[in-house]
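Asker: Test case, fold it:
(2 chains)
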Amino acid sequence: MKIKKYLTLTRAGIIESLNFRLAILIMIAGNLLYLIVVYFLWKSIFASSETGVVNGMTFTDTLIYLVLATALFNFMEMYTVWDMGRNIQSGKIVLDLLKPMEYRSYLFWSYSGSFVTNFFFTVLPTFMVVIIVTHGAIPFGINLLFFAVSVILGVMINYSIDFIVGTICLYTESIWGINIMKQVIVLLLSGATVPIVFFPEPLKTIVYYLPFQSIYNAPLTLLLSRNPSYETVLIIIGTQLIWCIIITAFGKIFWKKSLRQITVNGG
Amino acid sequence: MKKKGLGFYLKIYCKILAQDLKSKMSYRADFIISTIGMIFTNIAGFVSFWILFHNFSSINGWGYYEILFLYGFSLVSLTPVQCFFDNNWSLRAYVYSGDFIKYCFRPINLFFYYQSEIFDIKGLGQLAFGLGTIIYSWIKLGLGFSPLMLLKIIVFLITASLIMIALQNAAAATCFWINNSFYVLDLVTRFKDYAKYPVTIFSPVFRFIFTFIMPIAFIAYYPSLVILRPDAVPLLSWLSPLFGCLFFWLSYKFWMYGAMKYNGTGS
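Answerer: The predicted model follows:
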């Protein structure tokens, strides 16, 4: 069985992350705190607008958008760049390269376990809280299905970007700087800090042509739209799919070329 | 043992600093990339306010330049913790591996020696950006200038940074008791992102929490009022130097208590 070897990694990942129960608790506490800050911040921001609807978004829409964007961020954040960078510096990467599996998929599947635990410990609780706080402002229907598909594509795009950035570490020997740059760019241009519809015009168009909005903005737009036409859904998911293919392909080629660069000191 | 004076510690600090800078210089690319990354983060914060104020005229009665002033103030007051106390991030690893014991055998103050070992140069980029933001908003607000104001802002910047240092010390020291303290430190570090908002946006309960329990309102809000709203400075602003020293002293005691209790790993 081919899939079995991957699922073993998933299982190991689940067990590993369940070991850090305190970490999970603190993560939930941190998310709650963030939720509180975002709630009050945007409440007072919207208090200064007369109509209550800005750029087609109400306070509730904005709140759901930002809170779920953060939940998705925590869900997807796998510290890929850190792990790759450290493994390259320490030389442990040699052992991983010897595994009977492509390094790219090995890394992805060893994170897949924490996807499962993160889903149950951060995404689901946040989702519940949001539904309760906003009194069911999230429309239930076919959009949940689109959302799920879109999130999976988002995870893949995010991972591929991380993998490319991790590969850059082969050349730079700097992890912190590279990682923070990536994080800042992704968080800002994907709409996780301020929803993209708020961006002023030239910037907004540019951002829509970049791959980052496919990570958070695309699934959240699908989730929040009440009656999306099939055309819009097709365009959004199609864009994600195209970016996913382009970035994955680029990442694979880049990794292959860069692998020759590896210098591991000592044995 | 005779108590060693401030001059003695200053001399030692310069010596250790020189050694640290020498070793940093061998990773010049890392230094440059990290500094750029740091400035990226600050610019992203700036851009998100710019986008926000593109849509809204004020947040809770605070204008664009006033918010920028708060932001610049928080950046500058967060610089010392970045520059001088960055070794707190490694404390967990030292304690875990047992290497921490080497610090316990030096005939100088343990806390001082541990923190002085690392000087993080990339914080200087943030200092420059923060100062630029303060000066820019200062001019735009037409605050005027007097030596007394300069003295005030310097005193309040120092006290504000003491608060953040205290928070980080306390968070780092938790590693003497719990295993995976990275998340505690990470959580506290995220607090500083909330420091740039006026605390009045929160409801009374959370205003109390952010003032006395998690004192992030002292990082920018209360001290800035002295400059921004000189007619209506609350008592808490004048008390903030006192709170800064108090919190710092408490965190120092907590850190040392943990360190004294440490008995190594036995290897």
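Asker: A:Glu173 reaches B:Phe31, doesn't it?
Answerer: No. Taking contact to mean Cβ atoms under 8 Å, the distance of 11.0 Å between A:Glu173 and B:Phe31 leaves them out of contact. In short, each C-beta sits where N, CA and C put it, glycine included.
Asker: Which one of these two is surrounded by more residues?
Answerer: Set side by side, A:Glu173 and B:Phe31 give different neighbour counts by other Cβ atoms under 10 Å in any protein chain shown, the larger being at B:Phe31 (17 against 14).
Asker: so the more buried one touches B:Leu21, yeah?
Answerer: No. In this structure, B:Phe31 is not within contact of B:Leu21 by Cβ under 8 Å, at 10.0 Å.
Asker: The nearest residue to A:Ala137 once chain neighbours are set aside: neighbour count?
Answerer: Nearest in space to A:Ala137, with sequence neighbours left out and distances taken as Cβ to Cβ, 6 or more residues apart in numbering or on different chains, is A:Thr60 at 4.8 Å. Using other Cβ under 10 Å, A:Thr60 is surrounded by 18 other residues.
Asker: Return the residues of the stretch 101-250 of chain B in contact with chain A.
Answerer: B:122, B:178-180, B:182-184, B:186-187, B:190, B:194, B:197, B:201-203, B:206 (Cβ under 8 Å from any Cβ of the partner chain).
Asker: which of those residues are buried?
Answerer: B:Lys122, B:Asn180, B:Phe182, B:Tyr183, B:Val184, B:Leu187, B:Tyr194, B:Tyr197, B:Ile201, B:Phe202, B:Phe206 (16 or more other Cβ atoms under 10 Å in any protein chain shown).
Asker: Which member of the residues you listed is positioned nearest B:Phe53?
Answerer: The shortest distance between B:Phe53 and any of those, using Cβ to Cβ, involves B:Tyr197 and amounts to 13.4 Å.
Asker: Report the separation between the residue nearest to A:Ala137 and chain B.
Answerer: A:Thr60 is 17 Å from chain B, where distance means Cβ to the nearest Cβ, to the nearest Å.
Asker: Checking my notes, that residue in a helix, right?
Answerer: Yes. When classified by DSSP: H, G, I helix; E, B strand; the rest coil, A:Thr60 is found to be part of a helix.
Asker: list the buried ones in stretch A:26-38?
Answerer: Applying a neighbour-count criterion of 16+ other Cβ under 10 Å, one finds A:Ile26, A:Met27, A:Gly30, A:Asn31, A:Leu33, A:Tyr34, A:Leu35, A:Ile36, A:Val37, A:Val38 buried in stretch A:26-38.
Asker: Same check on stretch A:38-58?
Answerer: Buried residues in stretch A:38-58, counting neighbours by 16+ other Cβ under 10 Å, are found at A:Val38, A:Tyr39, A:Phe40, A:Leu41, A:Trp42, A:Lys43, A:Ser44, A:Ile45, A:Phe46, A:Val54, A:Met57.
Asker: Restrict it to CA atoms and write it as CSV.
Answerer: What follows is stretch A:38-58, C-alpha atoms only, in CSV (Å, rounded to 0.1, in the frame of the first residue of the first chain):
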residue,chain,number,x,y,z
VAL,A,38,-9.7,42.1,17.4
TYR,A,39,-13.3,42.3,18.6
PHE,A,40,-12.8,45.5,20.5
LEU,A,41,-10.5,47.1,18.0
TRP,A,42,-12.9,46.7,15.0
LYS,A,43,-15.9,47.5,17.1
SER,A,44,-14.4,50.9,17.9
ILE,A,45,-13.3,51.3,14.3
PHE,A,46,-16.8,50.6,13.0
ALA,A,47,-18.2,52.9,15.6
SER,A,48,-16.6,55.8,13.8
SER,A,49,-18.3,55.0,10.5
GLU,A,50,-21.8,56.3,10.0
THR,A,51,-23.4,53.5,8.0
GLY,A,52,-22.1,50.4,9.6
VAL,A,53,-21.2,48.9,6.2
VAL,A,54,-17.8,49.7,4.8
ASN,A,55,-16.7,48.3,1.5
GLY,A,56,-19.6,45.9,1.6
MET,A,57,-18.5,44.5,5.0
THR,A,58,-20.3,44.9,8.3
